[in-house]
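Novice: please find the sequence and the predicted model below.
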Amino acid sequence: MINLADYKNERQYKTVFFETFGCQMNKLDAELSLGLLQEDGYSIVDKVEEADVILYNTCSVRQHAEDKVYSHLGALRTLKKKHPDVIVGVLGCMAQKDAQSIFKRMPHVDLVCGTRMFSRLPELLLKIRNHGNHVLAVDEDEIVDVKRIAAYRPNVYQAFVTVMRGCDNYCSYCIVPYVRGREVSRTIADVKQEVMELVSNGCREITLLGQNINSYGKSLPGNITLGDLLIELNGVEKLERLRFVTSHPKDMSRDLIRTMSQLDKVCEYLHMPAQSGSDRILKKMHRGYTAGYYRELIQYARDLMPTIKVASDFIVGFPGETEEDFQETVCLMEDLRFQNCFIFKYSTRTGTKAAELTDDVPDEIKKKRNATLLDLQKKISLEENKKLIGRKLQALVEGASKSDPNKLSGRTRQNNIIVFKGQPALVGTLVDITINEATDLTLFGTM
Ligand code: 5AD
Ligand code: SF4
């Protein structure tokens, strides 16, 4: 017979609210953590008020991302006073960076769990449940078991797979090497096994993830490269598409571009942040390439793969960025005509090399430059998308369209979103769509 007190105890603390900030790597960590928690008996709720455990998976890349989390945490004070048994946890990059000081600033937080410890989440939560004290888990050396633990996957047909963690590049503005640690790659065999499992469960498209994916293999014995991994995965039966993000221009070899062009499953898409169009600023950013080198690299890729689309990131208002430097970024964007760009205002990160420089570009100028680049990119995206009208493109159907639930939404090999009319049974299949309308963000078509 079940003892009611035991049962209640069992039931308690078994719903989790989980919110993620930041990059794709963080989203995947969230997926893995939720899989692990589900396996441990937690059910996922989407309201803070219904949760026994509230977890924020955080980002440190810009101050703004951190401010948002601290404000969410602050708002939980009252809830925690009313329900002291609710566990509040901070995970990921900000947890790794701010560690103990999170407890000082927010004493009602119970758990601070760094970027390499989330595989121990159930155990850490149990520790808090049993002892009720602050638990800090930011061990530098802990090895994360990066294997997919259970299937908490919002999309069966598309999956992300981490192939390497960390970054050894030390771009002068970036906190990632400090919060994510040194580069560690998984073996080809390990990645392939995970990919094969995903494919046997219905997955058709895999995106390989790494903060600095072109350095894949450097930490492994032998001369393993990302190209070798792509060749191996291209042979996986029933896998239709392969992508990889994020590329660093300095580490992007022409060999890899050639390999991409020769493998039928590797999509014609690159996310390769330029960060600036000014050589002077690129040097201060410690990026290790010039704007000219970047332009040539993209030209080389376009010569081999004429339909390739490139996405980029830019930082505006880096210390010392003059109007002239900024105009060089505008020029680069105008000339290279990216598919889409992520544009960020420079944000000082304590501990990085750039934090030693004066953050001397006024916020109004940063805002203005940000808006200029956003407007320019919007115009380019619209013009480029309109060029696709009349063309037939292959889409992997992902599900109902968010903007119109009566229609389906899919993705092209070039990572464009296509909305079209079709039967729900098409979800997970590849279909050819003729494009007849386009906005800067979406293509519309018919089968
Ligand atoms: N300030 C502003 N943007 C940054 N990024 C990284 N660090 C900073 C910073 N300190 C941007 C870069 C990177 C993207 C993930 O975030 O453009 O490619
Ligand atoms: Fe943010 Fe970088 Fe951490 Fe991703 S790795 S969550 S971008 S700080």
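Specialist: Good, I have the coordinates. Numbers count the residues shown, from 1 in each chain. Ligands and ions are numbered 1, 2, ... in the order given.
Novice: quick one: strands adjacent to the helix or strand hosting Q394?
Specialist: Here Q394, judged by DSSP states H and E, is contained in strand 392-400. Paired strands of strand 392-400, with direction, are strand 408-412 (antiparallel), strand 430-438 (antiparallel) (DSSP bridges).
Novice: spell out which parts of this protein neighbour ligand 1.
Specialist: Residues of the chain lying close to ligand 1 by CB under 6 Å from any ligand atom are 61-62, 173-174, 273, 275, 313, 315, 344, 346-347, 349. To be clear about C-beta, it is placed using only N, CA and C from the backbone, and glycine gets the same treatment.
Novice: looking at those, which are in helices?
Specialist: In helices, defined here by DSSP state H, there are no members of the residues of the chain next to ligand 1.
Novice: which of those residues has the most neighbours?
Specialist: I315 (27 neighbours; other CB atoms under 10 Å).
Novice: rewinding a little: could you pick out which of the residues of the chain next to ligand 1 are near ligand 2?
Specialist: V61.
Novice: that older thread, just name the most buried of the strands paired with strand 392-400.
Specialist: Among the strands paired with strand 392-400, ranked by average contacts under mean count of other CB atoms under 10 Å, first place goes to strand 408-412 (a mean of 23).
Novice: how far does that one sit from its chain's centre?
Specialist: 20 Å (CA atoms, centre = their mean, to the nearest Å).
Novice: next SSE after it?
Specialist: Counting by DSSP H and E, what follows strand 408-412 is strand 417-420.
Novice: can you list the strands that that following strand pairs with?
Specialist: Using DSSP bridges, the strands paired with strand 417-420 are strand 408-412 (antiparallel), strand 442-446 (parallel).
Novice: list the contacts of the first one.
Specialist: Defining contact as CB atoms under 8 Å, 6 or more residues apart in numbering, one finds that strand 408-412 is touched by 158, 205, 393-402, 417-422, 424, 426-427, 431, 433, 443.
Novice: if we can go back for a sec, nearest to C331 among the residues of the chain next to ligand 1?
Specialist: Of all the residues of the chain next to ligand 1, the one with the least separation from C331 (CB to CB) is Q275, at 14.7 Å.
Novice: which ones are touching that closest one?
Specialist: 171, 281-282, 285, 287, 313-315.
Novice: in strands, which of these appear?
Specialist: 313-315 (DSSP state E).
Novice: how about the strands in the stretch 251-400 of the chain?
Specialist: 269-271, 309-316, 340-345, 392-400 (DSSP state E, counting those that start in this stretch).
Novice: got the buried residues for the second one?
Specialist: Yep, that's strand 309-316 we're talking about. For strand 309-316, a neighbour-count test (16 or more other CB atoms under 10 Å) marks 309-312, 314-316 as buried.
Novice: quick check: angle from that strand to strand 340-345?
Specialist: Calculated by axes from the mean of the first three to the mean of the last three CA atoms, to 10 degrees, strand 309-316 forms an angle of 10 degrees with strand 340-345.
Novice: over to the last one?
Specialist: Computed with the same axes, to 10 degrees, the direction of strand 392-400 lies at 60 degrees from that of strand 340-345.
Novice: chain center to strand 392-400, what's the gap?
Specialist: Distance, centroid of strand 392-400 to centroid of chain: 22 Å (CA atoms, centre = their mean).
Novice: and what of stretch 350-369?
Specialist: So, by CA atoms, centre = their mean, the centroid of stretch 350-369 is 24 Å from its chain's centroid.
Novice: gap between the two ends of that stretch?
Specialist: Stretch 350-369 stretches 24 Å from its first residue to its last (CA to CA, to the nearest Å).
Novice: what does that stretch contact?
Specialist: 170, 172-175, 178, 284-286, 316-321, 326, 345-346, 348-349.
Novice: quick check on the residues you listed: which are buried?
Specialist: Of the contacts of stretch 350-369, these count as buried by 16+ other CB under 10 Å: 172-175, 178, 284-286, 316-321, 326, 345-346, 349.
Novice: got a markdown table for the strands of the stretch 251-400 of the chain, with mean pLDDT and distance to R254 too?
Specialist: Formatted as a markdown table, the strands of the stretch 251-400 of the chain follow (pLDDT from 0 to 100; distance: least, CB to CB, whole Å):
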| stretch | mean pLDDT | distance to R254 |
| --- | --- | --- |
| strand 269-271 | 97 | 13 |
| strand 309-316 | 98 | 15 |
| strand 340-345 | 97 | 23 |
| strand 392-400 | 95 | 27 |
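Novice: tell me which of the ones you listed lies nearest to L239.
Specialist: Judging the strands of the stretch 251-400 of the chain by CB to CB, what sits closest to L239 is strand 392-400, at 11.5 Å.
Novice: show me which positions of the closest one end up buried.
Specialist: In strand 392-400, counting by 16+ other CB under 10 Å, buried: 393-399.
Novice: again, but for stretch 224-243
Specialist: 224-230, 233, 236, 239-243.
Novice: mind listing which of the residues you listed are in helices?
Specialist: Filtering these for helices - DSSP H - leaves 226-230, 233.
Novice: what's the closest of the residues you listed to T259?
Specialist: Taking CB to CB as the measure, G227 is the one of these closest to T259, at 4.0 Å.
Novice: show the pLDDT at that closest one.
Specialist: The per-residue pLDDT reported for G227 equals 97.
Novice: roughly how far does it sit from ligand 2?
Specialist: 24 Å (CB to the nearest ligand atom, to the nearest Å).
Novice: how about the nearest residue in space to that residue that is not next to it in sequence, what does it touch?
Specialist: Counting by CB to CB, 6 or more residues apart in numbering, the nearest residue to G227 once its immediate chain neighbours are dropped is T259, at 4.0 Å. Counting by CB under 8 Å, 6+ apart, T259 touches 227, 230-231, 266.
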